[in-house]
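Enquirer: Mind looking at a prediction? Sequence and model below.
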Protein chains: 4
Amino acid sequence: MAGNSFGQSFRITTFGESHGKALGAVIDGCPSGIPLEAADFVKAMERRRPGKSSFETPRSEEDRVEILSGVFGGHTTGTPLALLVANRDVKSKPYGVLKDLFRPGHADYTYFKKFGHLDYRGGGRASARETAARVACGVVARKVLAPLGISILGHTLEVGGIRAAFMDPTAVDQNPLYCADAEAAERMLAALDQAGKEGDSLGGVVEVLVMGCPAGLGEPVFDKLDAELAKAIMSVGAVKGVEVGAGFEAARMRGSENNDPITSAGFSSNRSGGILGGISNGDDLVLRAAVKPIPSIMKPQKTVDREGHDAVLELTGRFDVTAVSRIVPVLEAMVSIVLADHYLRAKAVGQVFGV
Amino acid sequence: MAGNSFGQSFRITTFGESHGKALGAVIDGCPSGIPLEAADFVKAMERRRPGKSSFETPRSEEDRVEILSGVFGGHTTGTPLALLVANRDVKSKPYGVLKDLFRPGHADYTYFKKFGHLDYRGGGRASARETAARVACGVVARKVLAPLGISILGHTLEVGGIRAAFMDPTAVDQNPLYCADAEAAERMLAALDQAGKEGDSLGGVVEVLVMGCPAGLGEPVFDKLDAELAKAIMSVGAVKGVEVGAGFEAARMRGSENNDPITSAGFSSNRSGGILGGISNGDDLVLRAAVKPIPSIMKPQKTVDREGHDAVLELTGRFDVTAVSRIVPVLEAMVSIVLADHYLRAKAVGQVFGV
Amino acid sequence: MAGNSFGQSFRITTFGESHGKALGAVIDGCPSGIPLEAADFVKAMERRRPGKSSFETPRSEEDRVEILSGVFGGHTTGTPLALLVANRDVKSKPYGVLKDLFRPGHADYTYFKKFGHLDYRGGGRASARETAARVACGVVARKVLAPLGISILGHTLEVGGIRAAFMDPTAVDQNPLYCADAEAAERMLAALDQAGKEGDSLGGVVEVLVMGCPAGLGEPVFDKLDAELAKAIMSVGAVKGVEVGAGFEAARMRGSENNDPITSAGFSSNRSGGILGGISNGDDLVLRAAVKPIPSIMKPQKTVDREGHDAVLELTGRFDVTAVSRIVPVLEAMVSIVLADHYLRAKAVGQVFGV
Amino acid sequence: MAGNSFGQSFRITTFGESHGKALGAVIDGCPSGIPLEAADFVKAMERRRPGKSSFETPRSEEDRVEILSGVFGGHTTGTPLALLVANRDVKSKPYGVLKDLFRPGHADYTYFKKFGHLDYRGGGRASARETAARVACGVVARKVLAPLGISILGHTLEVGGIRAAFMDPTAVDQNPLYCADAEAAERMLAALDQAGKEGDSLGGVVEVLVMGCPAGLGEPVFDKLDAELAKAIMSVGAVKGVEVGAGFEAARMRGSENNDPITSAGFSSNRSGGILGGISNGDDLVLRAAVKPIPSIMKPQKTVDREGHDAVLELTGRFDVTAVSRIVPVLEAMVSIVLADHYLRAKAVGQVFGV
């Protein structure tokens, strides 16, 4: 398999390039009887849609999800859900320089090496646009998870070295960065503004919390819940690191500091990030992703052409200054998809959740 | 699937508990004609075997790998390799306290919640002993990768907050921590000695380098090379974080700092860790794992019993003070397995490597 | 997984219901660099399209395949191919009786039992229309197989008990039944005419030959080539039996009769159907499928309603009299898909074909 | 994957060659809490064990199943079950002729072509001995299916053209052929005796019935219950044809004859074999397999050597005269495995069976 599917029991397969006719996904394994209509996708797609803020270039994509199959009478039928997102904003702008030069930090070079030729139109399959299909699948995954009553919340923890000092869930949707610390968000936006003026870009850290996650999700050994989440998160372009709970800080603690005491009222700390031995322990899941700065910048960069000759790349136009905020809903989606898959896998062997 | 298999084309399935009769693995998809005999496993198994150093408890396990099938006339036949490691050092020591109380930081609690009962003998399937089967599979994976001429080297980068200052490959096998900085290793060992005396444990950071990795390994979207490596690494017990290349540092860089310039002589830096768009770019792979401190400590800890009543756990006996060094060969094995799998997957679609 | 994917290395996932917006498929694992355009699908889709003959009801479906992704510059890119076939001939005819009664011999009853509700519009996902997506995938599979230079030919061996006496490949496309015996085809058509007049339907037998199939395709034990072909063939609605080579006749032979002698010039007979031990032996593959008569007939039939009460079903309108001819291209497609998958799987482990 | 695994949710992986150290299986996905001990395997293994009758050569294999992992306190733990069957009767008899010549009708030729070399010791991985692992897995599958209260019964329908006239379940275990018609069994045994004296072998037909099978097992499209059963059955060596219900007879019926009327008391006939649209309909499953005659015969046969030169093969020693009876328990096992897998898959999406 060439890697465009994810999940075992709740299995998504995505397709589409940034400048092709459409992108979309097929979901196999969705239980029947779940209410689902096109309107259910609007909010999540809008949340991911780029071009809404000063640090992003304006785009006219509407990103409307069309349900091609798998729903009848307003409910899922148990057959595959095919979800389609048409590409409307595909401009016929000249690709000249991209036809010849590899962009540093992008997938141009490696795709060309791997496949022998390159869809140079806006990143092709490697474009961040591909994540629109993931977000659509995430909407369905959340519906599958509805019986568990969990809440999945992503937020921007850090941009350009500026870190949120606290986590106020109500603040997240009040700023374009999905940052839970309104004051820090202001400083992040200022830093983005400055970096953009300098033709540069910034990275950051995204955190995803899963509140109300029941114990017992995840499988031993290879398909540990944290292993699957790490894959899901690292599979999002621009992510270069993943942490669960205390993460790299755990490496500097002693066992007596890092162990979460267990009490009759639950765990009295959550350095584990809600996962022990690869299986959720009933505490909140805590996941973090390191997001690198967007590689498309306005400064001249050394690169090579298709034949390997030295060249200088000078991009023109406008580019987003950070991908961090856009990755927030994508990571929420990926976490939802992993959980939905493991929820169904657990049900297969008779695990019972909730009341 | 319950999660005990890994890989698509080079697929391993492991089995066995720490105190059962044996543990082992079945490898499906290994090409035919590869020279293989039991002696090939000795060095790697010895490298992983615990109990060799002052910071580990002595054990008499020999960890000899027996090849049950898949080899004839000294070569692989293309049929499944079954590898068996007998459990010889299974003492009938009393498990009293473990039958009743969950050990904080271990998988006891979550396995019990998930499966409804618990193999309380030394961790059962969740024991670090399970990694012996992974190391055995890694030996075969390296043989599959032989045509690529790559070199996979793990080393201890950090223990208890003490970090190696440089990377000297020749030093790695000269100290029991597999640390590439001999002087730092001395300080790490002293810290371990001190922690052990205090009945506590330490964590650290392991790095794995893949030198000579060709461009073109990894698949788009979900089965990106870094995503699969992240899963493989995070699937090892005690790992709480994974980084590729600059990792979390990339989140604090600007695009102009983080992008690796491309020149006719290759990439002039390697902040990407050798992977762009999920596909290897021909540079060295650089991967890091955060390893938490071993949760078994000699200090009293709050916990609950099977019925959820508050209790205090006081472990007796001796325990390893860190898992970091033992994880080095396990991560080497997991990286090898991921690369072998992607090498075969790439060959399926006609990719050609090397001359 | 809910069963809408097929194949490991060349993996297809289909979606869509007979009366939904569209049906289609995603192909993951197709090698890059293969010439592909929408026009490539026309002939195969036309060959499968129903409504062309006297024994079929006229339909206005055009069954044009649209390529949504995976092709750039007229060649496959190595990313997923999304193929779409719009449903244009979806009449708003009244489904009254089908909303209440289960049709004997159809999947209505079992889908309702399994999923708890039913897409009663023309069979939904269980409709023969689903096979349009398979035929589209078969076109791509044949392109993947091009380097092998094989020829895959299906033909109608039997209809209503009338059997072709010989196999003349040039006759196959000269009659609407794809029968290789022109004279037998005449009699089959007469029988269909008569059955249709009586409001009844006929079954038959389809044979698929793979000429020039190289030795070495198929895997030991479970994924034997014949096992995978049997699954692929039996997965086509209306198929109730599968034979390889001598098939059920082999059960009545002696070993001395059934064994194919091997000579320096090749096998001197082909009772094995080109497969030994689950692996192709270099001789032609010979496969046969028993196709049941179409269950939709004009005669009153006993059935029950949704509540299980006895009822009589009287279908009105017109129905096809046999599915045999339409299954010919579908089985060709399925055989192509199995072979393409096993070809890529064999390449993964270094098997070399041709030269 | 190289094809040694079967199933999605209840997934078995087998290994081992006929003359290697051992063969066995790993089962992943077995629910926890199922009572299981080594004694549970004895009856099924004995039922499959060859060498018990006049038409089989005597063998001293005991075929004892050892449970290496996955059971604690007499119950499955939810971790992988590793089952081992040692090879005890591996004689060092001379393989001379088999080292040089391919046996017609066997897998020697194709394995050599595929893998480049050959384990010539008694068939290696292609040996019927491999089915011992399947039977062991079938025992576990039946335990998984216990809540459904179904009964799976295989019997010999035909040997050498002699067909059982009726199906008396009580007769099945009363004769070494597992034939449900005691009188026909006598004639079959006489035919086997005669064929054996002539140095020849006979084939036959095996039928498997699943009584009490609930409606709702099987998935749409590719993983139809009959498609998966067809693969499972055809994956057993020597099987050349598979039928469900009326099978090839259905091809000769009219729709009005073949459709099973539905009544408030259930289906009033079972030509469908209990499966409609790939999903079980609540009626008994009826499956048949065509078994070819054993290719090892005492008569001289034309063949070639490793270099392709013409030769004559003359086997010495004694051989079984038919494989039919031994395949009965193997097919029961394969049917059990398919049903257990689909039972767990159905549970994943919330299907409820029974009361």
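Expert: Structure received. Residues are numbered from 1 along each chain as shown, chains lettered A, B, ... in the order given.

Enquirer: What sits closest to the residue in the stretch 201-350 of chain A that chain C sits nearest to if chain neighbours are left out?
Expert: Chain C sits closest to A:Leu344 of the stretch 201-350 of chain A, with a gap of 9.9 Å, by Cβ to the nearest Cβ. Where C-beta positions appear, they are placed from N, C-alpha and C, glycine not excepted. Leaving out its chain neighbours, the residue that sits closest to A:Leu344 by Cβ to Cβ, 6 or more residues apart in numbering or on different chains is A:Ser9, at 3.7 Å.

Enquirer: The one you found contacts A:Ala346, correct?
Expert: No: between A:Ser9 and A:Ala346 there is no contact under Cβ atoms under 8 Å: 9.1 Å.

Enquirer: of the two, who's got more company?
Expert: For A:Ser9 versus A:Ala346, neighbours defined as other Cβ atoms under 10 Å in any protein chain shown are more numerous around A:Ser9 (27 against 23).

Enquirer: And A:Val139, its phi and psi?
Expert: When quoted as degrees, to the nearest 10, the phi and psi of A:Val139 stand at phi -60, psi -40.

Enquirer: contacts for the helix or strand of chain A with the lowest mean pLDDT?
Expert: Least confident helix or strand, chain A: helix A:96-100 with a mean of 79, by mean pLDDT, DSSP states H and E. With Cβ atoms under 8 Å, 6 or more residues apart in numbering or on different chains as the test, helix A:96-100 has contacts from A:108, A:120-121, A:305-306, A:311, A:313-315.

Enquirer: For the stretch 251-355 of chain A, which residue gets nearest to chain D?
Expert: Residue of the stretch 251-355 of chain A nearest chain D, by Cβ to the nearest Cβ: A:Ala348 (3.8 Å).

Enquirer: Excluding chain neighbours, what is closest to that residue?
Expert: Nearest residue to A:Ala348 in three dimensions, chain neighbours excluded: D:Ala348, at 3.8 Å (Cβ to Cβ, 6+ apart).

Enquirer: need the residues of the stretch 51-200 of chain A near chain C, please.
Expert: The stretch 51-200 of chain A has residues A:66-70, A:72-73, A:75, A:77-82, A:84, A:114-117, A:119, A:121, A:124-125 near chain C, with proximity defined as Cβ under 8 Å from any Cβ of the partner chain.

Enquirer: Select from those residues every entry located in strands.
Expert: Judged by DSSP state E, those include A:66-69, A:72, A:75, A:81-82, A:84 as members of strands.

Enquirer: show me where the stretch 151-300 of chain A has strands.
Expert: Taking DSSP state E, counting those that start in this stretch as the criterion, the stretch 151-300 of chain A contains strands spanning A:151-159, A:162-163, A:204-211, A:239-244, A:262-263, A:266-267, A:275-276, A:279-280, A:285-291.

Enquirer: and those strands, which is most packed in?
Expert: The highest average neighbour count among these, using mean count of other Cβ atoms under 10 Å in any protein chain shown, belongs to strand A:275-276 at a mean of 30.

Enquirer: and that one, how far from the chain's centre?
Expert: 22 Å (Cα atoms, centre = their mean, to the nearest Å).

Enquirer: which regions of the stretch 251-355 of chain A lie under the pLDDT threshold?
Expert: The model of the stretch 251-355 of chain A has pLDDT under 70 over residues A:354-355.

Enquirer: residues from it in reach of chain D?
Expert: Near chain D, when you scan the stretch 251-355 of chain A using Cβ under 8 Å from any Cβ, you find A:344-345, A:347-350.

Enquirer: Kindly recompute the last result at 10 Å.
Expert: For the stretch 251-355 of chain A, the residues in contact with chain D (Cβ under 10 Å from any Cβ of the partner chain) are A:341, A:343-351.

Enquirer: hang on, the earlier thing: can you list the strands of the stretch 151-300 of chain A in a markdown table and add distance to D:Glu62?
Expert: Shown next, in a markdown table, are the strands of the stretch 151-300 of chain A (distance: least, Cβ to Cβ, whole Å):
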| stretch | distance to D:Glu62 |
| --- | --- |
| strand A:151-159 | 55 |
| strand A:162-163 | 67 |
| strand A:204-211 | 52 |
| strand A:239-244 | 48 |
| strand A:262-263 | 48 |
| strand A:266-267 | 51 |
| strand A:275-276 | 43 |
| strand A:279-280 | 39 |
| strand A:285-291 | 50 |
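
Enquirer: next one: the least confident helix or strand of chain A to chain centre, how far?
Expert: That offset, for helix A:96-100, works out to 29 Å (Cα atoms, centre = their mean).

Enquirer: Now it: buried residues?
Expert: Neighbour-count burial for helix A:96-100, counted by 16 or more other Cβ atoms under 10 Å in any protein chain shown, picks out A:97-98, A:100.

Enquirer: on that earlier part again, can you check which residues contact both of A:Ser9 and A:Ala346?
Expert: Jointly contacting A:Ser9 and A:Ala346 under the rule Cβ atoms under 10 Å, 6 or more residues apart in numbering or on different chains are D:Ala348.

Enquirer: re the thing from before, so what's the residue count around the residue of the stretch 251-355 of chain A closest to chain D?
Expert: 24.

Enquirer: Would you mind confirming that it is in contact with D:Asp28?
Expert: No: counting by Cβ atoms under 10 Å, A:Ala348 does not reach D:Asp28; the two are 11.8 Å apart.

Enquirer: So, low pLDDT: which residues of the stretch 51-200 of chain A?
Expert: Using pLDDT under 70, the stretch 51-200 of chain A drops low at A:60-61, A:89-95.

Enquirer: rewinding a little: can you flag the buried ones in the contacts of helix A:96-100?
Expert: A:108, A:120-121, A:305, A:311, A:313, A:315.

Enquirer: Specify the angle between the top helix by length along chain A and strand A:285-291 in degrees.
Expert: Criterion DSSP state H: the longest helix present in chain A is helix A:324-348. Interaxial angle, helix A:324-348 versus strand A:285-291 (axes from the mean of the first three to the mean of the last three Cα atoms, to 10 degrees): 140 degrees.

Enquirer: Appreciated, that's everything.
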